[in-house]
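Enquirer: Make a model of this:
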Amino acid sequence: MNVASFNEYQRASRRTWQRVHTEHPIVYPTLGLVNEAGEVAGKIKKIFRDKQGEITEVDREALKQELGDVLWYLAQIATELGVELEEVASANLVKLAGRLERGRIGGEGDDR
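Expert: Now for the predicted structure:
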């Protein structure tokens with residue numbers, strides 16, 4: 001389908017839209033996690049754009065604060081799912097160790 005303008009795209013894309021009602025308590029912390037992760041990425045981007053990758057103590061402190069916010073939202077999501085952070089961390093290390101053993105640390109896909 002060719003699109004002549006963004007307005008046309010906007011109207012055409014609306015045909016596939018549907019409202020999703022979200023009264024589940026996991027929605028807010030998930031959106032918060034993404035927001036805070038974006039803030040971490042933005043700070044890192046600016047360090048490389050503006051400071052040639054030199055991370056100062058001020059940057060380190062600011063990143064520590066943002067990572068704390070990421071951790072808070074992650075903890076809330078885990079709580080809503082009924083899993084403990086230690087369980088998440090352990091499962092991640094097992095997954096990564098398996099990838100390392102198979103020589104599949106790089107690449108794409110969950111099942112590598």
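Enquirer: If you tally nearby residues, what's the number for residue 101?
Expert: The burial count assigned to residue 101 is 9, neighbours taken as other Cβ atoms under 10 Å. Using the backbone N, CA and C atoms, a C-beta is placed for each residue, glycine as well.
Enquirer: go on, the one 4 residues further on?
Expert: When neighbours are counted by other Cβ under 10 Å, residue 105 registers 10.
Enquirer: and if you look at residue 54?
Expert: Per other Cβ under 10 Å, the neighbour tally for residue 54 reads 9.
Enquirer: Repeat that for residue 26.
Expert: Applying the criterion other Cβ under 10 Å, we find 13 residues in the vicinity of residue 26.
Enquirer: pLDDT score assigned to it?
Expert: Among the per-residue scores, residue 26 holds a pLDDT of 96.
Enquirer: before we move on, what about residue 105?
Expert: Taking residue 105 on its own, its pLDDT is 87.
Enquirer: give me the element the residue positioned nearest the centre of the chain is part of.
Expert: In the chain, the residue lying closest to the centroid (Cα atoms, centre = their mean) is residue 34, at 4.7 Å. Assigning secondary structure by DSSP states H and E places residue 34 in helix 27-51.
Enquirer: Next: residue 22.
Expert: No secondary structure element spans residue 22, as it lies outside all helices and strands (assigned by DSSP H and E).
Enquirer: quick revisit: got a pLDDT number for the residue nearest to the centre of the chain?
Expert: Looking at residue 34, its pLDDT reads 98.
Enquirer: try residue 1
Expert: For residue 1, the pLDDT comes out at 75.
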